[in-house]
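**Q** give me a 3D structure for the following:
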Amino acid sequence: TTTGAVRGFTAMSAFCAWVYDWRDAKRAGDRTAAAGAASVIAAAPRWRAVLAEDPHPNPASRTSIFGWFLPFRTAVLRGDMTVVDHLIASNYGTAGCPYFDPPAASHGGTALPTVPRS
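**A** I've put the predicted structure just below:
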């Protein structure tokens, strides 16, 4: 795996984390947190890791690695949680944000669940 690919995967993961943060803030009615997350999401297509692999993200192009960011960004900037939920549920995108949603039992994805001893 190249360093560019690792950075790209990290960018995808970070983008999805911000989408989930935005959605959680919207559900909680936390306008400040939602606005902060939306600001990061708006800038994501211009992140260096994104531009290095896909200088012109385009959701209509099958060769665009990060074009799938744009429909999420548009929905977030419109405040449309229904569209965001639909995009997540449909596995929209190269990797799809459902793959970046840590299981609830994993302490926000920071710890592996304890394996029972036999």
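
**Q** which other helices and strands contact the strand or helix carrying Val76?
**A** In the assignment (DSSP states H and E), Val76 maps to helix 69-78. In terms of contacts (3 or more CB pairs under 8 Å, 6 or more residues apart in numbering; DSSP states H and E), helix 69-78 is packed against helix 3-28, helix 31-43, helix 81-89. Bear in mind the C-beta positions are built from the backbone N, C-alpha and C, glycine included.

**Q** I'd like to know which of those lies nearest to Ile65.
**A** Nearest to Ile65 among the helices and strands packed on helix 69-78 is helix 3-28 (6.5 Å), distances taken as CB to CB.

**Q** could you list the buried residues of that closest one?
**A** 7-8, 11-12, 15-23, 25-26 (16 or more other CB atoms under 10 Å).

**Q** any idea how far the most centrally placed residue in the chain is from Gly29?
**A** Centroid-nearest residue in the chain, with CA atoms, centre = their mean: Cys16, separated by 1.4 Å. Plainly put, Cys16 is 22 Å away from Gly29 if you go by CB to CB, to the nearest Å.
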